[in-house]
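Q: predicted model, plus sequence, below.
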Amino acid sequence: MLSESARVTSAAELRFRVQAPNSRPRVTTIIALDGPSEAVIRRLAEAPWNHATFLKTPITDPPDGQPASDGWVTDLAARRRRLRDEVNVSDQVIMMAAAGGPADGAATIGRACSLRRVTTTALIVGTGSVPDRELAKTLATLRPWSLMVVIAGSDDYVADMMTALRV
């Protein structure tokens with residue numbers, strides 16, 4: 001009797017194996033939801049990342065003639081971008097917010113990601129001196145729109161988390 005390992009490496013089982021490596025790299029969009037998290041992503045954007053786009057909080061004033069309901073973000077050079085277009089090319093979206101800060105854009109981003117079935121992660125930064133009540137408020141805003149919420153103790157932890165997410 002063949003062992004399970006010997007059986008799965010047989011010629012008969014070869015047809016069920018993936019024949020080519022994953023040739024498409026993961027595309028990640030990182031969106032800062034407030035000023036303190038924007039400062040963090042600006043520092044992170046200086047490092048080499050694989051197919052990562054860094055954006056700032058959703059904006060409420062869309063370009064002329066464009067509906068506000070589409071959702072708009074800006075890149076780090078302050079150029080407006082349609083949120084839907086950014087989500088459509090992403091495999092995962094990481095939302096970043098400071099503990100106690102306004103994370104209201106999470107709902108807009110979360111809805112866009114849900115429609116496209118894009119994985120969402122939320123990173124909460126700046127938790128050192130924030131009261132638990134403020135942290136809980138940020139968690140409550142992000143949790144409904146994130147598959148995973150991570151409370152980061154430092155910027156280094158954020159970079160490590162992004163590496164773990166294969167950014």
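A: Everything's here; your move.
Q: can you pull out the helices in the protein?
A: With DSSP state H as the criterion, the chain has helices at 4-8, 11-14, 35-45, 83-88, 105-116, 132-142, 155-164.
Q: per-residue confidence averaged over the second one?
A: Translated: helix 11-14. Average pLDDT, helix 11-14: 71.
Q: cool, stretch 114-134 as well?
A: On average, the pLDDT along stretch 114-134 is 90.
Q: okay, how far is it across that stretch, tip to tip?
A: Using CA to CA, to the nearest Å, the end-to-end distance of stretch 114-134 comes out at 26 Å.
Q: and it, which residues are buried?
A: 118-127, 130 (16 or more other CB atoms under 10 Å). All C-beta atoms are positioned from the backbone trio N, CA, C, and that covers glycine.
Q: tell me the centre residue of this structure?
A: In the chain, the residue lying closest to the centroid (CA atoms, centre = their mean) is residue 94, at 1.4 Å.
Q: my read: that one touches residue 30, true?
A: Yes. Look at residue 94 against residue 30 with CB atoms under 8 Å: they come within range, at 4.6 Å.
Q: overlap in contacts, those two.
A: The contact sets of residue 94 and residue 30 overlap at 162, 167 (CB atoms under 8 Å, 6 or more residues apart in numbering).
Q: now do the nearest residue to residue 113 once chain neighbours are set aside against residue 138, distance only.
A: Leaving aside its sequence neighbours, residue 113 sits nearest to residue 120 (CB to CB, 6 or more residues apart in numbering; 4.9 Å). Distance, residue 120 to residue 138, using CB to CB, to the nearest Å: 15 Å.
Q: any stretches of this structure with poor pLDDT?
A: Scanning the chain for pLDDT under 70 picks out 1-9, 14, 17-24, 58-70.
Q: what's the burial count for residue 13?
A: 11 (other CB atoms under 10 Å).
Q: from residue 106, how far out is it?
A: Using CB to CB, one gets 45 Å for the distance from residue 13 to residue 106.
Q: would you mind writing the CA trace of stretch 89-109 as PDB?
A: Coordinates of each C-alpha in stretch 89-109 appear next as PDB, following Å, rounded to 0.1, in the frame of the first residue of the first chain:
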ATOM      1  CA  VAL A  89      -7.100  46.900  -9.500                       C
ATOM      2  CA  SER A  90      -6.300  45.800  -5.900                       C
ATOM      3  CA  ASP A  91      -6.100  42.400  -4.400                       C
ATOM      4  CA  GLN A  92      -6.200  43.800  -0.900                       C
ATOM      5  CA  VAL A  93      -6.800  47.200   0.700                       C
ATOM      6  CA  ILE A  94      -5.200  48.200   4.000                       C
ATOM      7  CA  MET A  95      -7.000  51.000   5.800                       C
ATOM      8  CA  MET A  96      -4.900  52.900   8.400                       C
ATOM      9  CA  ALA A  97      -6.300  55.100  11.200                       C
ATOM     10  CA  ALA A  98      -4.900  56.600  14.300                       C
ATOM     11  CA  ALA A  99      -6.500  55.500  17.600                       C
ATOM     12  CA  GLY A 100      -9.100  58.000  18.500                       C
ATOM     13  CA  GLY A 101      -9.000  59.700  15.100                       C
ATOM     14  CA  PRO A 102     -11.800  60.000  12.600                       C
ATOM     15  CA  ALA A 103     -12.100  56.800  10.600                       C
ATOM     16  CA  ASP A 104     -15.300  57.700   8.900                       C
ATOM     17  CA  GLY A 105     -14.000  56.900   5.400                       C
ATOM     18  CA  ALA A 106     -13.800  53.200   6.400                       C
ATOM     19  CA  ALA A 107     -17.400  52.700   5.500                       C
ATOM     20  CA  THR A 108     -17.000  54.100   2.000                       C
ATOM     21  CA  ILE A 109     -13.900  52.100   1.400                       C
END
